[in-house]
Structure formats: C-alpha cells, structure tokens
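Visitor: Provided below are the primary sequence and the corresponding predicted coordinates.
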Amino acid sequence: MIKSEQIYFDFDGQNIVVHKVKNMEELITDPTDPDKVPCWAEIWPASIGLARYIHAQRDLTHITAIELGAGLGLPGVLAGQKGAHITFSDFNAQALYYCDQNARSNGLQKYDILLADWRDFPPDLKYDLVLGSDIVYEPRLLPYLEKVLTNFLNGNCEVLLSHSSRIVSFEFAEELAHNLQKEHYLDYIDVSVEESLFTDYRIAIHSIK
Ligand SMILES: C[S@@+](CC[C@H](N)C(=O)[O-])C[C@H]1O[C@@H](n2cnc3c(N)ncnc32)[C@H](O)[C@@H]1O
C-alpha cells in the first residue's frame, strides 16, 4: 500500500493542502522506460510558481481552463479557487487520482478529470486558458506538445507555461509564439523550497495568446 503525506502552502493567508506520495521510490517500476518515471508525484517549483502567479494576478471567474501534465494539480487547484472551471489532465491515472483528491480537499466543486496522452490528444477541445507547469523538458515529446498547444492556440486561448531555468523551455515557448504569430509575455516569480538540494528558484512564466 502506497503511503501518502500532506504538504501545506500559504498563499497570502489562504491555506492549500497537497496530498502526495510519501516515498516516490515506491513508484519506480521500470527506470528504463521514460513513460514510467514518476515525475508526476513531485511538487515541482514551477508548479508553486505558476500557482502563486495565478493566485496573485488572475481573476478567472467564468473561465474554462485545462492543466496539461497536471501531476498533483497545484496550479489547477489555484485556478479553480480563482473561479475557473478547471480540467486536470495527465496521461498517468495515479496522478489524476491525486488531482481529484487535491481539488476536493481544497474545496473545488466544479472540475473535470481527463486522462489523455499528448501523443494522441483529442484535437477539438476548447478552453479559455491552458496551464502547463514543468511540461516542456523531454525532447521526444516536444513535437506532440507543440501540436497540442497549437490546436489550443488556434482556438484563441491563452497558454501559461512555467519552468525553472531551462533553455529548451525558453526556446520552445519563443518558437511556438513566433510560428503562430501570437503575443508572448515573459514574467518571473521567485520560489523558495525548504528541505531541497537547491532552495531558491527563479520560475519563468510565459503567457502566449
Ligand atoms: C515534470 S512533471 C510536472 C508535474 C506538475 N505539472 C508539476 O509541475 O509539479 C511532468 C508531468 O507531465 C506528465 N506527462 C508526461 N508525459 C506525458 C504525456 N505524453 N502526455 C500527458 N502527460 C504527460 C507527467 O505524468 C507529469 O505529471
């Protein structure tokens, strides 16, 4: 039986709880298969940065939103709390189990869950806002992700991508916006993570629309 733990965040006095797997090692079944690396089970600094950005900058009342590669769903939870009807999506069913738990534990009532792989993603979905924290990193997946995001952007939405300093992610966002002739704004948010090898992160937030 996999043990869970709860991590608490304070967003300007608003308490958020994230349920996660206590020991990620227990999830490793085949380290040679990149699809089975349990990166969904970590709260990545980019997700804290995007959640803080949404909390501080956005009123999402009457907005429909999807979080891609949601993992534990922290930015999606904050988007839901700011009024969005959020869909948590991932290709890993265990991740979506935790998204569901995290949405409910933080009082979200209207949200959806979508099990979908970027390599075979439904092409006709429409949302006002698309969220992705730490999803642009794996070269073999980038062409699929580009297609997914292009479909969304052609439907006139805004895409928010967050990541820690990673050249491939900067280049991907820049090229995506350039190729589609979309506006591209770049913001930064500082995130401190206790009990981590590195404690201070500068998280880039790309808005493409
Ligand atoms: C580095 S983790 C980031 C998780 C979360 N967004 C965060 O920032 O904490 C990447 C996420 O993308 C998901 N993912 C990886 N490959 C995927 C694919 N082909 N289709 C859909 N989701 C995928 C993983 O399951 C994982 O949740």
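Guide: That came through, no problem. Numbering: from 1, shown residues only.
Visitor: So which bits of the host helix or strand of V168 are buried?
Guide: If you go by DSSP states H and E, V168 is part of helix 167-180. Applying a neighbour-count criterion of 16 or more other Cβ atoms under 10 Å, one finds 169-170, 172-173, 176-177, 180 buried in helix 167-180. No exception for glycine: its C-beta is placed from N, CA and C like everyone else's.
Visitor: any idea how far A116 is from L153?
Guide: 17 Å (Cβ to Cβ, to the nearest Å).
Visitor: Look at the residue found closest to N179 once you drop the neighbours it is linked to in the chain and report its pLDDT.
Guide: The spatial neighbour of N179 that comes closest, neighbours along the chain excluded (Cβ to Cβ, 6 or more residues apart in numbering), is T150 at 7.9 Å. With respect to pLDDT, T150 has a value of 98.
Visitor: Phi and psi next, for T150.
Guide: phi -60, psi -40 (degrees, to the nearest 10).
Visitor: average model confidence for stretch 52-61?
Guide: pLDDT averaged over stretch 52-61 gives 95.
Visitor: ok, now stretch 83-98?
Guide: Mean predicted lDDT for stretch 83-98 stands at 98.
Visitor: Count the residues that sit near V193.
Guide: 14 (other Cβ atoms under 10 Å).
Visitor: Then S165?
Guide: Other residues lying near S165 total 11 when counted by other Cβ under 10 Å.
Visitor: Ok, S164 next?
Guide: 18.
Visitor: three-state assignment of the nearest residue to it once chain neighbours are set aside?
Guide: Once flanking residues are discounted, S164 sits nearest to Y201: 4.9 Å by Cβ to Cβ, 6+ apart. Look at Y201: counting by DSSP: H, G, I helix; E, B strand; the rest coil, its state is strand.
Visitor: low-confidence ranges in the protein?
Guide: 195-197 (pLDDT under 70).
Visitor: From the ligand, how far off is the residue lying farthest from the centre of the chain?
Guide: What lies farthest from the middle of the chain is M1; by Cα atoms, centre = their mean that is 26.6 Å. Using Cβ to the nearest ligand atom, to the nearest Å, we find M1 at a distance of 22 Å from the ligand.
Visitor: and whichever helix or strand L131 is part of, how far from the chain's centre?
Guide: Per DSSP H and E: L131 is located in strand 129-133. How far strand 129-133 lies from its chain's middle: 6 Å, per Cα atoms, centre = their mean, to the nearest Å.
Visitor: Put the alpha carbons of it into PDB.
Guide: The C-alpha trace of strand 129-133 is given here as PDB (Å, rounded to 0.1, in the frame of the first residue of the first chain):
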ATOM      1  CA  LEU A 129      -6.900  29.100 -20.600                       C
ATOM      2  CA  VAL A 130      -4.300  26.300 -20.800                       C
ATOM      3  CA  LEU A 131      -1.900  25.700 -18.000                       C
ATOM      4  CA  GLY A 132       1.400  23.800 -18.100                       C
ATOM      5  CA  SER A 133       4.000  23.700 -15.300                       C
END
